[in-house]
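Student: Below is the sequence, then the predicted model.
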Amino acid sequence: MADQHKNYSKGIYCFTDDLRFQDNIALANTIAQCDEIAFIYILDPRWFQKTNYQHTWIGQAKWQFIKQSLSCLNQQLAEHGHQLTLLHGNVEHVLCELIRENNVNFVGFATLVGSNEQVLWAELATKCADTHFASANNSIMYLGERLNLKHEYLTSFSRFRRFVEKQQIKIEQPRKIHLDALPSRLTLQNQPSFSKALTALPYFISGDVQDVQTHDSFFGGEKSAVQHCKQYFASSAASNYKTTRNALDGWQNSTKFSPYLANGNVSARQIMQWLKQFELAHGASESTYWIYFELLWREYFHHLANSLGNTLYRFSGLAPCAPSTSFYAERFNKWCNGNTPYPIVNACMKQLNQTGFMSNRGRQLVASYLVNELGIDWRYGAAYFQQQLIDHDIASNWGNWQYIAGVGVDPRGGRHFNLQKQTSLYDPEHTFINKWHGQLCDARLDSTDMVDWPIDWSKKED
Ligand SMILES: Cc1cc2nc3c(=O)[nH]c(=O)nc-3n(C[C@H](O)[C@H](O)[C@H](O)COP(=O)(O)OP(=O)(O)OC[C@H]3O[C@@H](n4cnc5c(N)ncnc54)[C@H](O)[C@@H]3O)c2cc1C
């Protein structure tokens, strides 16, 4: 067969939060367009610097998961005569330089959900005007243009869900990528091998910080993701999901798809395909519908984040005024470290700090506690989650925090959970609290009063 003519001679595919090959639309488009291709990943040192909320964009647990995912990509590429080039530096500088040095005329990448990231990529495309930049959304089930989504359908999740379900739009089949039919390798100048680049990263990224012990069964990469999802659907867990999903712990009680989705090791459409196959084999039920329902929440937050832009990070969110909360350093530190007067909160935070994961119920409880009982600005909580969660996803994290803080899309105007009631419902025997030593804490929350004067609790108790 004669060589198919392609539009661009030298292409780069830049992986971001889409660390997989299968059902990767942006990648498929790049492969189709270029004669030669190089695969890259750029590690931006800014992700590891403290933001104005005093936390980094990426913490150790997530970085470890990303590293595993990158190694998996590199291994798959190596089997097909390619490699993953790992670069380090500010994305805009590194990419412009690479394009210039190698006469690259096509750059493919996945559309990112964060507004700051979108601006960065738009600026990059303007800066390198002679190179064609092309992106596609790799993370959602329903592509925006097919949904014809008007803003009014985003005003609440229920509206969005009713709209989507009424339209009966079929979720497209995942796109198959044939790695044995990749274009030829574009060899980039002066680039070390993947493993050399990984070991040469600065200390604050790769360094002497010990790898945290993440949950035994979370291991980044497309292969582990597929294995995890297949194992999940090979069990009967999906048939019980609706009754187990709210548990604070337990591997099979919820799907644990989130780290793989957030890092793009698997797509929501692939999961939907496996879910449909499960339903065909074992029957559809309320539980299987509920998995779709939760994935739809994720979908909703992604569409919402796209339409909100920077409002997603605004203190007042979608509300007319900011919440009446402030910042209390001591309380915040105690919350982060799981050292509050509430054992259930402490257990959840310690689980997060040690594993990079927390159940959905746990996230709701600790977020409600931070906002309502501690009176702290919700953005500090969101930023801490961003740093600690393996599954951090801008749209789901910041959207859920706004929702709980009462400045998001919750028609009820925020959530305030009664922690005692929640403990008796979800941890009546204190099994979860004991497992994470939630009861080990300071008896008092504050050591100073509102004018920063030390509180003498012994006198207070007289
Ligand atoms: C304050 C707060 C912060 C959160 N931050 C994140 C985050 O950074 N990343 C993230 O993926 N999820 C986040 N969530 C949503 C939810 O807690 C996690 O998706 C879920 O706990 C992951 O576990 P699972 O995969 O076993 O979920 P399951 O219960 O098995 O759900 C299946 C999938 O549906 C999606 N999903 C479920 N619940 C939600 C939800 N409320 N919002 C959006 N998607 C949902 C996830 O992709 C999940 O993997 C947050 C929730 C709260 C309350």
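Tutor: Great, that's in hand.
Student: so residue 99 sits in a helix?
Tutor: Yes. Note on residue 99: a helix contains this position according to DSSP: H, G, I helix; E, B strand; the rest coil.
Student: Need the per-residue pLDDT for it.
Tutor: Looking at residue 99, its pLDDT reads 97.
Student: Check residue 451 too.
Tutor: The predicted local confidence for residue 451 is 73.
Student: Give me the phi and psi for it.
Tutor: phi -100, psi 20 (degrees, to the nearest 10).
Student: separation between it and residue 327?
Tutor: 16 Å (CB to CB, to the nearest Å). Backbone N, C-alpha and C define where each C-beta goes, glycine included.
Student: Domain-wise, how is this structure divided?
Tutor: Per the record, the chain has its domains at 8-138, 139-173+219-313, 329-460, by automatic domain parsing.
Student: quick check, the longest one touching the ligand?
Tutor: Yes. When contact is scored as CB under 6 Å from any ligand atom, part of domain 329-460 falls within range of the ligand: 359-360, 363-364, 367, 385, 389, 391-393, 396-397, 400-401, 404.
Student: surely residue 330 meets residue 444?
Tutor: No. Checked against CB atoms under 8 Å, the pair residue 330 and residue 444 is beyond contact range at 10.1 Å.
Student: on that earlier part again, so of the residues of domain 329-460 next to the ligand, which ones are in helices?
Tutor: Mapping the residues of domain 329-460 next to the ligand onto helices (DSSP state H) picks out 360, 363-364, 367, 385, 396-397, 400-401, 404.
Student: Return the closest of these with respect to residue 191.
Tutor: residue 397 (33.3 Å; CB to CB).
Student: who's in contact with the spatially closest residue to residue 222 that is not a sequence neighbour?
Tutor: Using CB to CB, 6 or more residues apart in numbering and skipping the chain neighbours, the partner closest in space to residue 222 is residue 20 (4.2 Å). Counting by CB atoms under 8 Å, 6 or more residues apart in numbering, residue 20 makes contact with 73, 222, 225, 264-267.
Student: May I ask which of those residues has the most neighbours?
Tutor: Greatest neighbour count in these, by other CB atoms under 10 Å, goes to residue 265: 30 neighbours.
Student: Mind pulling up the pLDDT for that residue?
Tutor: pLDDT recorded at residue 265 is 98.
Student: which ones are touching it?
Tutor: 19-20, 69, 72, 220-222, 224-225, 259.
Student: before we move on, what about residue 49?
Tutor: So residue 49 contacts residue 56 (CB under 8 Å, 6+ apart).
Student: so where's the chain shaky on pLDDT?
Tutor: 1-5, 144-146, 203-216, 460-462 (pLDDT under 70).
Student: Mind jotting down where the strands sit in it?
Tutor: 8-15, 34-43, 84-88, 106-110, 132-136, 184-185 (DSSP state E).
Student: contacting residues around the most centrally placed residue in the chain?
Tutor: Nearest to the geometric centre of the chain sits residue 393, at 2.4 Å (CA atoms, centre = their mean). Contacts for residue 393 (CB under 8 Å, 6+ apart) come out as 113, 258, 261-262, 298.
Student: ok, 10 Å please
Tutor: For residue 393, the contacting residues are 17, 113-114, 139, 258-259, 261-264, 298, 301-302, 305, 386, 399-400, by CB atoms under 10 Å, 6 or more residues apart in numbering.
Student: Give me the nearest residue to residue 415, chain neighbours excluded.
Tutor: residue 404 (4.9 Å).
Student: Assess the claim that the one you found and residue 416 are in contact.
Tutor: Yes. Counting by CB atoms under 10 Å, residue 404 touches residue 416, with 8.7 Å between them.
Student: so how far is residue 77 from residue 323?
Tutor: Distance from residue 323 to residue 77, by CB to CB: 47 Å.
Student: The closest residue to residue 368 other than its chain neighbours: how many residues sit nearby?
Tutor: Distance criterion CB to CB, 6+ apart; nearest residue to residue 368, sequence neighbours excluded, is residue 417 at 4.4 Å. A count of nearby residues for residue 417, using other CB under 10 Å, gives 18.
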